[in-house]
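**Q** My questions are about this predicted structure, shown below with the sequence.
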Amino acid sequence: MDKNDFQPDTRYTITWGDRQGGSRPATIYVYRAHSEFLVARLVGGDGLLRKITYAEVLKIVAAEPVAPGDRSFVPNAMLDEKTWRDRSVMQHAAGSPQRGK
């Protein structure tokens with residue numbers, strides 16, 4: 001996999017390789033694709049932003065672009081490549097008056 005396989009504001013169902021050599025299914029929302037990794041959040045997961053390297057993605061099972069009204073937003077500074085240099089997860093919680101939060 002590489003950067004060209006992923007688009008921002010898209011939900012992907014993937015097979016994700018773990019560090020123990022196994023694999024597991026995951027549905028992710030991609031915020032940004034960088035040259036070496038992507039920044040995503042697990043759909044229905046713990047709410048953490050994650051740095052996922054392309055080597056960890058074994059297979060893309062499905063891709064679904066998200067409609068503009070349903071997109072999730074995170075400040076651009078949190079998505080920059082330099083922000084993710086030394087971290088693999090980040091917690092971010094935000095509300096939206098449009099969503100009643």
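**A** Everything's here; your move. Just so it is clear, the structure is predicted and the values come from calculations on it, not from any experiment.
**Q** Now Val30. Its backbone dihedrals?
**A** The phi and psi torsions at Val30 (degrees, to the nearest 10) take the values phi -90, psi 120.
**Q** Setting aside sequence neighbours, what's the nearest residue to it?
**A** Residue nearest to Val30 in three dimensions, not counting chain neighbours: Ala40, with 4.8 Å by Cβ to Cβ, 6 or more residues apart in numbering. C-betas here are computed from N, CA, C, even on glycine.
**Q** for this protein, what spans make up the helices?
**A** If DSSP state H is used as the criterion, the helices of the chain fall at 76-79.
**Q** Dead centre of it: give me the residue that sits there.
**A** Among the residues of the chain, the smallest C-alpha distance to the mean C-alpha position (Cα atoms, centre = their mean) belongs to Ala40, namely 1.2 Å.
**Q** Now do Pro75, the pLDDT please.
**A** According to the predicted model, the pLDDT of Pro75 comes to 87.
**Q** I'd like to know how far it sits from Ala62.
**A** According to Cβ to Cβ, to the nearest Å, Pro75 and Ala62 sit 28 Å apart.
**Q** Thr83 too?
**A** In this view, Thr83 and Ala62 are 29 Å apart by Cβ to Cβ.
**Q** Neighbour count for those two, which is higher?
**A** In terms of neighbours (other Cβ atoms under 10 Å), Thr83 is the more surrounded of Thr83 and Ala62; the figures are 16 against 9.
**Q** Show the contacting residues for that one.
**A** With contacts defined as Cβ atoms under 8 Å, 6 or more residues apart in numbering, the neighbours of Thr83 are 77, 90.
**Q** quick one: low-confidence parts of this structure?
**A** 93-101 (pLDDT under 70).
**Q** Would you state the strands of the chain in chain order?
**A** For the chain, strands defined by DSSP state E occupy the ranges 10-17, 23-33, 37-42, 48-53, 57-65, 89-91.
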